[in-house]
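A.B. asks: need coordinates for the below:
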Amino acid sequence: MFLKDSLRSWLGYTRRERRSSTILLAMIFIIAGIRYVIPGKTIDISELKQIQGITPSSGIISIQDTLKEYIPAIKKTARKSPEHLLDINSSDSAQLEALPGIGPVLSARIIKYRNLLGGFTAVDQLKEVYGLPEETFNLISKRLYADTLKIRKININKARY
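C.D. replies: As a prediction, this is how the structure comes out:
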């Protein structure tokens, strides 16, 4: 009894907090238990063919058959080749200023932030640059790409703040 009272006073839980944490733990165990008690449904290859509407004669579903409907969508979302785009990891301030909405101040901030990071891994990292509006980012993001081979790796064990 002494241990129980001292543990309660040490943890500082009220009766309501103990009750709610007990209920929460019980719910977690019930949900986790249901997952292991009720097995997931396995799908047979014949059911998969019926779902996709593919009925190959050999019984083997080829990649071409499954991706026929997705290929036009992939072609629509393909971006321009990097020859027509500007690499943000190797561009200078003059090239950045040629973009719409980017002036000398923003181009200097982008280059400074790029040097602090060691290079951009994705175009979306430009959103982190101070003072770059969302509208300007939307205008220029289609004209940029990030060449990840030009990233300068930073040794975090020896890097200064």
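A.B. asks: check which element follows the worst-scoring helix or strand of the chain on mean pLDDT along the chain.
C.D. replies: Least confident element among the helices and strands of the chain, by mean pLDDT, DSSP states H and E: helix 71-77 (a mean of 53). Heading C-terminal from helix 71-77, the first helix or strand you meet, by DSSP states H and E, is strand 86-87.
A.B. asks: run through who's touching that next one.
C.D. replies: Gln95, Leu96, Leu99, Arg143, Leu144, Tyr145, Ala146, Asp147, Lys150 (C-beta atoms under 8 Å, 6 or more residues apart in numbering). The way it works is simple: take the backbone N, C-alpha and C, and place the C-beta from them, glycine included.
A.B. asks: wait, which of the residues you listed is closest to Arg15?
C.D. replies: Ala146 (55.8 Å; C-beta to C-beta).
A.B. asks: so what's the closest one up against?
C.D. replies: Going by C-beta under 8 Å, 6+ apart, the list of residues near Ala146 reads Asp87, Ile88, Asn89, Gly119, Phe120, Thr121, Ala122, Val123, Gln125.
A.B. asks: what's the nearest residue to the third one if we skip its chain neighbours?
C.D. replies: Excluding its sequence neighbours, the residue lying closest to Asn89 (C-beta to C-beta, 6 or more residues apart in numbering) is Lys150, at 4.2 Å.
A.B. asks: ok, that neighbour - how many residues close by?
C.D. replies: When counting by other C-beta atoms under 10 Å, one arrives at 14 neighbours for Lys150.
A.B. asks: right, and it touches Ser90 too?
C.D. replies: Yes. With contacts counted by C-beta atoms under 8 Å, Lys150 reaches Ser90, the gap being 5.7 Å.
A.B. asks: pLDDT of stretch 124-137, averaged?
C.D. replies: For stretch 124-137, the mean per-residue pLDDT is 91.
A.B. asks: quote the end-to-end distance of it.
C.D. replies: Between the opening and closing residues of stretch 124-137 there is a gap of 9 Å (C-alpha to C-alpha, to the nearest Å).
A.B. asks: ok, residues contacting that stretch?
C.D. replies: Contacts of stretch 124-137 (C-beta under 8 Å, 6+ apart): 88, 100-102, 105-106, 109-110, 113, 117, 120, 140-141, 144, 146.
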